[in-house]
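Asks: Sharing a sequence plus its predicted fold:
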Amino acid sequence: MTEFDWTAVTNNLPFLMQGLFLTFQLTILAMVGGILLGTVLAILRLSAPAPVPQLIAGYVNGLRAMPLILVIFWFYLLVPLALGRPVGAFPSALIAFTLFEAAYYSEIIRAGIQGVARGQLQAALASGLSYAQAMRYIVLPQAFRAMLPILLTQSIILFQDTSLVYVVGLRDFLTAANIVASRDQRPVEMYLFIAAVYLVLCAGGSFAVRRLQRRLAR
């Protein structure tokens with residue numbers, strides 16, 4: 001360890017932090033968009049008339065069967081063709097992550113909604129609330145409370161998956177480390193540092209999720 005040159009890390013911290021900021025930015029935006037879209041998909045799959053539930057099921061199962069890196073390539077190449085103009089790598093990656101994660105979030109949210117007693121929805125409808133009001137004020141708050149740890153766990157996985165954006169040229173945390181490692185010829189130091197950062201962030205997030213889960217169980 002005494003032969004390691006850790007100045008390769010310390011001298012490039014601002015550059016690495018820029019990559020980490022992009023990783024967090026992509027994670028948060030894709031998480032919020034994925035949860036919102038996933039909620040809509042889950043509700044429509046449970047309550048919309050045919051063939052909407054079948055179409056949503058096909059969308060969810062199809063995306064979940066695809067490698068994420070392939071989905072990123074698809075949207076990086078197809079979004080500019082669909083819009084008829086160039087689109088940056090970040091918007092394309094964000095759309096890909098949002099739509100991909102929405103498929104996973106929708107299944108989590110659907111299970112949470114189905115976990116709420118059916119009688120509560122019926123009672124809300126009988127009291128004069130519309131279906132949308134019953135879902136908003138009665139069902140979804142209980143469902144989100146129960147499934148919050150699972151949603152956060154999926155978000156930790158999303159944070160790890162953002163490292164795949166290197167394929168479209170985005171300079172995320174891992175890509176920034178790759179650049180420094182190649183330029184300074186210090187791959188061991190850089191990859192140890194990156195592994196330590198991911199370990200601390202993901203292990204800390206997992207610990208927080210477990211504590212939240214125990215607290216909600218009480």
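Replies: Perfect, I can see it now. Numbering: from 1, shown residues only.
Asks: Can you report phi and psi for the closest residue to Phe144 other than its chain neighbours?
Replies: Distances taken as Cβ to Cβ, 6 or more residues apart in numbering put Gly112 closest to Phe144, at 6.7 Å, once the chain neighbours are dropped. C-beta here means a position set from N, CA and C on the backbone, and glycine is covered the same way. Main-chain dihedrals, Gly112, degrees, to the nearest 10: phi -70, psi -40.
Asks: Assess the claim that Gly112 and Pro141 are in contact.
Replies: No - Gly112 is beyond contact range of Pro141, at 10.5 Å (criterion: Cβ atoms under 8 Å).
Asks: More neighbours: these two, which one.
Replies: Gly112 (22 against 12; other Cβ atoms under 10 Å).
Asks: Tell me how far the more buried one lies from Ser206.
Replies: Between Gly112 and Ser206 the computed distance is 20 Å (Cβ to Cβ, to the nearest Å).
Asks: Can you give me the buried ones in stretch 156-167?
Replies: By neighbour count on 16 or more other Cβ atoms under 10 Å, the buried set for stretch 156-167 is 156, 158-159, 161-162, 164-166.
Asks: where does the residue nearest to Phe144 land on pLDDT?
Replies: Looking at Gly112, its pLDDT stands at 93.
Asks: how far away is it from Phe100?
Replies: Gly112 sits 20 Å away from Phe100, going by Cβ to Cβ.
Asks: swap in Leu37?
Replies: Counting by Cβ to Cβ, the gap from Leu37 to Phe100 is 10 Å.
Asks: what about these two, which has more around it?
Replies: Between Leu37 and Phe100, counted using other Cβ under 10 Å, Phe100 has the larger neighbour count: 24 against 17.
Asks: quick one, what contacts that one?
Replies: 34, 63, 66, 68, 71 (Cβ atoms under 8 Å, 6 or more residues apart in numbering).
Asks: Return the set of buried residues in the longest helix along the chain.
Replies: Assignment by DSSP state H gives helix 13-47 as the longest helix of the chain. Buried positions in helix 13-47, judged by neighbour count with 16+ other Cβ under 10 Å: 16, 19-20, 22-23, 26-27, 30-31, 33-35, 37-39, 41-43, 45.
Asks: which helices and strands does it pack with?
Replies: Here helix 13-47 touches helix 52-64, helix 89-115, helix 140-161, helix 173-184, going by 3 or more Cβ pairs under 8 Å, 6 or more residues apart in numbering; DSSP states H and E.
Asks: hmm, try it at 10 Å
Replies: helix 52-64, helix 89-115, helix 131-134, helix 140-161, helix 173-184, helix 187-217 (3 or more Cβ pairs under 10 Å, 6 or more residues apart in numbering; DSSP states H and E).
Asks: just the ones you listed: most buried one?
Replies: helix 89-115 (a mean of 21; mean count of other Cβ atoms under 10 Å).
Asks: Pull the contacting residues for Ala123.
Replies: The neighbours of Ala123, taking Cβ atoms under 10 Å, 6 or more residues apart in numbering as the test, are 117, 129, 134, 138.
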